[in-house]
Every structure is written in C-alpha cells, then in structure tokens.
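J.: Structure for this input, please:
(one chain, ligands or ions: 1)
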Amino acid sequence: MKVTVPDLIDKKKAKEKITMLTAYDYSTALILDRCGVDILLVGDSVGPIFSGYENTLPVSTEEILYHTKAVNRARKNALLVADMPFLSYQVSFEEAVKNCGLMLKAGAEAVKLEGGQEISDLVRRLTLSGIPVMGHIGLTPQSVHSMGGYKVQGKTEESRKKLITNARSLEEAGVFSIVLECVPENVAKEITETVNVPTIGIGAGRYCDGQVLVINDILGLFEGFRPKFVKKYVDLAPLIENAVKNFIDDVKTGRFPEEKHIFS
Ligand code: KIV
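T.: Here you go, the predicted model:
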C-alpha cells in the first residue's frame, strides 16, 4: 500500500515502527520498494557513496534531482524523500522554496533538511507552500567542519537541552518527522517521547519511532568508513569480486561466451 506523509504520524500513534533506507538508483530502488520499506531517501550520502566525494558538501541540487528522478521511476509504494544538499536552502527563502519545489516536480513527496531552531522559519514557509519537510538533527554531516568531525551529539547537559529545543521547534514549525543521527539512546528516547511526530534514528538507539540506514552499508557494498551503528545484513563486496574474477577468467580461457549466448 502507498505510504503517505500522514501515514507516518499514524504509525507513531499505533506504535508501528517505520523503516527508511537510502536509494540512489533505479534497479536498487525497485528491489527496496518491492520489499515494503516505508521511506526511500535520496540522501546526500550519494556524494561519498556513489560519487566518491570526501563528504556530503560538494553534492549539488542537480545531483539530488538526477537521483530522485531515477528512484522515482522505480518506486510504487514507498514515500520518496529528497535530501536537500548544502547551500540549496541556506542562501535565501526564495532559493530554498524553489530548490525544494524542484524536488517535488522530480517526483519526491517530501524533502529533508539538516538543522534545528535556526531553520524553523524556513520549515514554516515550505510547509505553507505545500512542501512536506523531514527534519534532521544530532550529527548533521553538512556541518562537519563546525562540529569538528563526525561526533555523537547530545552528550552534555547543554547539548541535550539544545537537541530537545531543536526538536520542539521543528515540530512547531510543521515537520512531519525528524531524523536523529548519532545521539545517545536516552536522549533520542526523550525526544521521541516529547514530540508527536515520528523520530527516525540512525545511531540513536532502540526507542526511536523508526530506523534509517544507508543501503550500501547494510549490503556490505561500501568498504570505506563503517560506523558502529551499522548492521551489515549481507557482505556483497566479496561476492561481486568473485563473480567479476570468474568473468575475467572465463573470457580469458574461452569458457564465455558459450553456444547459448550466441546469435546465429
Ligand atoms: O544522506 C543520508 O544518507 C542521510 C541519512 C543517513 C539519514 O541523511
């Protein structure tokens, strides 16, 4: 069944866990949608994962649009969320509304923005324009330089309070859900119990209303940095390596192509 923005709030009320995975391409999105994942996120993690960028900062609006269109062609039931890249929503309200609107024209049904209280006015403006917004607080990778690296957030009393304030402020502004990234489990629990919109955790423990992971991480396809919160469900890299080595060997020794692969 098609997942909609209001369904997610209902899922929280019904204490039904929400699932979200990143997706960047058509073939993978077909499979994920078929499996029944609630939300497909065209994350700006596409930068490091797909394009080999050092971090998410170089990702452009055009790149997210391109991948959003590809994923949109594949998905039938999952809610499609486009991640707004760095500088696509910080410069002016006008630019932000336009760039977020372009994502909806490309097939996304919502956008995700990093930030708390400081983006609340923008969230209000976007939701008034009919653009559903997913918030993202805790470790916000687009602020990697101001945070001094990829660090767990909310460990001190001051930063715990700030996270709660940010979550409340986003909820008041109209977000329909909030991603909590790399936050201690007890802080994520407190936020989840404080706000009425669903929280979707990544490295935020067991009490969030849902969980999100990067698809390449759970499939064992990304061999770079692997954070503690990732669960690898299958190790595809060695399987691919084996298949490719077999192909090379088959071609070199004449075992491929066989008669069944030939046109006559
Ligand atoms: O870009 C991304 O993949 C994300 C998720 C990790 C939430 O923002």
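
J.: how is the chain carved up into domains?
T.: For the chain, automatic domain parsing gives the domain ranges 5-233, 237-264.

J.: Quickly compare those domains and say which is most buried.
T.: For the domains of the chain, the largest average neighbour count (mean count of other CB atoms under 10 Å) is found in domain 5-233, namely a mean of 19. Yep, even glycine has a C-beta here, placed from its N, CA and C like the rest.

J.: chain center to it, what's the gap?
T.: Counting by CA atoms, centre = their mean, to the nearest Å, domain 5-233 is centred 5 Å from the centre of its parent chain.

J.: Now mean pLDDT too, for the domains of the chain, in CSV please.
T.: Listed next are those as CSV, based on pLDDT from 0 to 100:
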stretch, mean pLDDT
domain 5-233, 97
domain 237-264, 97
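
J.: Looking at those, which is nearest to the ligand?
T.: The closest of the domains of the chain to the ligand is domain 5-233. By CB to the nearest ligand atom, the value is 2.4 Å.

J.: okay, the domains of the chain in a markdown table with distance to the ligand next?
T.: Shown next, in a markdown table, are the domains of the chain (distance: least, CB to the nearest ligand atom, whole Å):
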| stretch | distance to the ligand |
| --- | --- |
| domain 5-233 | 2 |
| domain 237-264 | 19 |
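
J.: can you give me the strands for the stretch 1-150 of the chain?
T.: 18-22, 39-42, 79-83, 110-114, 133-138 (DSSP state E, counting those that start in this stretch).

J.: then the third one to CSV, C-alphas only?
T.: As requested, the backbone C-alpha atoms of strand 79-83 are provided in CSV (Å, rounded to 0.1, in the frame of the first residue of the first chain):
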residue,chain,number,x,y,z
LEU,A,79,7.3,7.6,0.4
LEU,A,80,10.1,9.3,-1.6
VAL,A,81,12.1,11.9,0.3
ALA,A,82,14.8,14.1,-1.3
ASP,A,83,17.7,15.3,0.8
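
J.: contacts for it?
T.: 3-5, 7-8, 20, 38-45, 64-65, 68, 71-72, 103, 106-112, 134 (CB atoms under 8 Å, 6 or more residues apart in numbering).

J.: How about the second one?
T.: Strand 39-42 is contacted from outside by 3, 8, 18-24, 29, 32-33, 64, 67-68, 71, 75, 78-83, 108, 112, 200, 210, 212, using CB under 8 Å, 6+ apart.

J.: What residues are bridge-paired with Leu113?
T.: In this entry, Leu113 is beta-bridged to Gly135, by DSSP bridges.

J.: OK, contacts around the nearest residue to Gly43 once chain neighbours are set aside?
T.: Nearest residue to Gly43, sequence neighbours excluded (CB to CB, 6 or more residues apart in numbering): Thr22, at 4.2 Å. Thr22 sits next to 40-43, 45-46, 49, 212-216 when contact means CB under 8 Å, 6+ apart.

J.: Could you check how far Thr22 is from Asn77?
T.: Thr22 sits 17 Å away from Asn77, going by CB to CB, to the nearest Å.

J.: With Ile9 instead?
T.: Applying CB to CB to Ile9 and Asn77 gives a distance of 18 Å.

J.: What of Val133?
T.: 21 Å.

J.: okay, the contacts of Thr22 in TSV with distance to Leu180 next?
T.: As requested, the contacts of Thr22 are arranged in TSV below (distance: CB to CB, whole Å):
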residue	distance to Leu180
Leu40	19
Leu41	14
Val42	20
Gly43	15
Ser45	16
Val46	21
Ile49	21
Val212	10
Leu213	13
Val214	15
Ile215	19
Asn216	21
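
J.: which residues in the stretch 1-150 of the chain form helices?
T.: Using DSSP state H, counting those that start in this stretch, the helices of the stretch 1-150 of the chain run over 5-13, 26-35, 46, 61-74, 93-105, 120-128, 144-147.

J.: To Val251, which of the ones you listed lies closest?
T.: Among those, the nearest to Val251 by CB to CB is helix 26-35 (23.6 Å).

J.: Show me the contact partners of that closest one.
T.: Under CB under 8 Å, 6+ apart, the answer for helix 26-35 is 21, 23, 40, 70-71, 73-78, 215.
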